[in-house]
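Undergrad: No sequence on hand, only this structure:
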């Protein structure tokens, strides 16, 4: 995040100064926002940057224990510089968090700079290859030009020049980039896990169906196919969503350079909600994939425990998922209010909120299982569910604010006592966007003519399976709304099970298409050649414990106990 911050928030002179040494590895940077006492709530950060006009310097200071920066990757023992988020203080006035470049370590000795206390935060669940660190500052002085000044500025005299109102949130661009990148990576990581589990499930055999018959491939059990094909479709959904988010961010950057920040509110809402949705799908999916591998999945040699331990941080870093869902919920409620007032609804993904009564009055049109083969019906179900839950969220908040006619507030006690409903609405919206993006990706692939008809048919079935799984998971809300009948739900289940049978022969090809080499998977179970049992034995043999036959405890512990003289009887 060090270089992306300079690129997105530094002016041309700052980029010219800082990017070349970064690219030449003359300096190593990190991003220091999270503190011991504050993370997702950026406005609560305590680190200060007070301007001294007499020297044209900022004085960076950690005034409390809880203002200690905590978690920056590479800070522990590696980084020489950091982008530090600190509260800008000018003539006693607090202008909120801004970004500053601070040198942490000497480029000659690598020792901490005067006033800087820095170190490693210690062991974590996973991600052991990264030295996440802590850092506090005792009145550390930096040049005025070390404040990122592409948008907000401080003159030599100490005058604050705020960014234009249209881009007042531009300083969060780095977070948008990182969250969009997290969405992209979620599909890649989940695809690794499901590649390992699927390859193992077609090698592993369990229980013969009858005397003299060969044991079945584990993948041929419907419950296993349901689990793994569901994860495969989710991996594709997250993968395509990640590509879409990157495209959205690139468009935002191009528009920003022209002074157009109109897409920023929706990009912030989507990057927040989809970061939460996709990381939850992936973290849960890795563990689910591990469980399908039985006892071997518990071994580090499967690659899955390490994959989970290194990934699960994503549900809390760069924004706790529930807090991010609430940011999405605020955007949705404001869109609903705009639509009810006859004003344009901001953002393309929230168009359904502009005609909410028509959406709420719609009903499921399914006449049998075949109707659910069209993903458009699943999308209609998810859109209906999202619309109702947003309206419910607004109703709950209205009650907490004092009842009909009271002005809605998006913080304080009313908001804090309605968050269950708001998170549910945000999740529903994100699920709808995930399916819609999957469908659009398949449509684009169809129009491009780059894929064969058979490949497109399989992708279409994956898309349908993903959508039906989401609808089945949210069926209670659709029943409560009266949108769907019991017979229509039964037809949905029938079509879902039909898809499992249709996609079962494609399982290996679907995971092979992700293109992961054995080296990247680092898994005995996920080998492309299927020789998993030889791989397990080979990897076990080179374990450090197997370098000697006796083992490290023989001489010191076992031998003295086993060879001791018997205690005589009294």
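TA: That came through, no problem. A quick note: this is a predicted structure, and the numbers were derived from the prediction, not measured.

Undergrad: Excluding chain neighbours, what is closest to residue 433?
TA: Counting by C-beta to C-beta, 6 or more residues apart in numbering, residue 433 lies nearest to residue 349, which is 5.4 Å off, once chain neighbours are set aside. In this view, the C-beta of every residue, glycine as well, is placed from N, C-alpha and C.

Undergrad: The one you found - how many residues pack around it?
TA: 23 (other C-beta atoms under 10 Å).

Undergrad: Double-check that it belongs to a helix.
TA: Yes - judged by DSSP: H, G, I helix; E, B strand; the rest coil, residue 349 forms part of a helix.

Undergrad: ok, it - contacts?
TA: 266, 270, 429, 432-433, 436 (C-beta atoms under 8 Å, 6 or more residues apart in numbering).

Undergrad: pLDDT score assigned to it?
TA: With respect to pLDDT, residue 349 has a value of 92.

Undergrad: Check the gap between it and residue 413 for me.
TA: Separation of residue 349 from residue 413 (C-beta to C-beta, to the nearest Å): 30 Å.

Undergrad: which SSE is residue 392 in?
TA: helix 375-400 (DSSP states H and E).

Undergrad: Please tell me how far that helix is from the chain's geometric centre.
TA: 23 Å (C-alpha atoms, centre = their mean, to the nearest Å).

Undergrad: Can you tell me what sits against whichever helix or strand comes after it?
TA: Next in sequence after helix 375-400, counting helices and strands by DSSP H and E, comes helix 412-416. Contact with helix 412-416 is made by 397, 400-401, 408-409, 422, as judged by C-beta under 8 Å, 6+ apart.

Undergrad: which of the residues in helix 412-416 are buried?
TA: 414-415 (16 or more other C-beta atoms under 10 Å).

Undergrad: residues near residue 56, how many?
TA: Neighbours around residue 56, by other C-beta under 10 Å: 15.

Undergrad: Would you check that it makes contact with residue 141?
TA: No - using C-beta atoms under 8 Å as the test, residue 56 is too far from residue 141 to be in contact (10.2 Å).

Undergrad: now the strands: where do they sit in the stretch 1-150 of the chain?
TA: Ranges of strands in the stretch 1-150 of the chain, per DSSP state E, counting those that start in this stretch, are 29-32, 48-52, 57-61, 69-70, 81-90, 93-103, 116-120, 133-137, 140-143.

Undergrad: Could you dump those into JSON lines and include mean neighbour count, mean pLDDT and distance to residue 230?
TA: Listed next are those as JSON lines, based on neighbours: other C-beta atoms under 10 Å; pLDDT from 0 to 100; distance: least, C-beta to C-beta, whole Å:
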{"stretch": "strand 29-32", "mean neighbour count": "26", "mean pLDDT": "95", "distance to residue 230": "35"}
{"stretch": "strand 48-52", "mean neighbour count": "20", "mean pLDDT": "96", "distance to residue 230": "48"}
{"stretch": "strand 57-61", "mean neighbour count": "21", "mean pLDDT": "97", "distance to residue 230": "49"}
{"stretch": "strand 69-70", "mean neighbour count": "24", "mean pLDDT": "95", "distance to residue 230": "37"}
{"stretch": "strand 81-90", "mean neighbour count": "23", "mean pLDDT": "96", "distance to residue 230": "39"}
{"stretch": "strand 93-103", "mean neighbour count": "18", "mean pLDDT": "95", "distance to residue 230": "41"}
{"stretch": "strand 116-120", "mean neighbour count": "16", "mean pLDDT": "97", "distance to residue 230": "39"}
{"stretch": "strand 133-137", "mean neighbour count": "24", "mean pLDDT": "97", "distance to residue 230": "39"}
{"stretch": "strand 140-143", "mean neighbour count": "17", "mean pLDDT": "96", "distance to residue 230": "51"}
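
Undergrad: Distance to residue 371 added to these, as TSV?
TA: As requested, the strands of the stretch 1-150 of the chain are exported to TSV (distance: least, C-beta to C-beta, whole Å):
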stretch	distance to residue 371
strand 29-32	49
strand 48-52	60
strand 57-61	62
strand 69-70	53
strand 81-90	51
strand 93-103	51
strand 116-120	58
strand 133-137	56
strand 140-143	64
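
Undergrad: what's the closest of these to residue 513?
TA: strand 29-32 (34.3 Å; C-beta to C-beta).

Undergrad: show me where pLDDT drops low in this structure?
TA: Applying pLDDT under 70 to the chain picks out residues 165-173.

Undergrad: Longest helix of it, counting residues only.
TA: Ranked by residue count under DSSP state H, the longest helix found in the chain is helix 222-257.

Undergrad: Buried residues in that helix, which are they?
TA: In helix 222-257, counting by 16+ other C-beta under 10 Å, buried: 224-242, 244-245, 248-249, 252, 256.

Undergrad: repeat for stretch 28-47
TA: 28-36, 38-40, 42, 45-47.

Undergrad: How about stretch 475-490?
TA: Result for stretch 475-490 [16+ other C-beta under 10 Å]: buried residues 475, 477-478, 481, 483-484, 488-489.

Undergrad: of those, closest to residue 368?
TA: Nearest member of these to residue 368, counting by C-beta to C-beta, is residue 488, at 8.9 Å.

Undergrad: Show me which pair in the buried residues of stretch 475-490 is furthest apart.
TA: Farthest pair in these, by C-beta to C-beta: 477 and 488, 14.3 Å.

Undergrad: coming back round to it: counting by contacts, list what the longest helix of the chain packs against.
TA: Contact partners of helix 222-257 among helices and strands, from 3 or more C-beta pairs under 8 Å, 6 or more residues apart in numbering; DSSP states H and E: helix 173-203, helix 264-292, helix 419-448, helix 453-473, helix 486-503, helix 507-512.

Undergrad: Can you get me a residue count around residue 115?
TA: 16.

Undergrad: change the start of the numbering to 365 and stick with it
TA: From this message on, residue numbering opens at 365, which makes the last subject residue 479.
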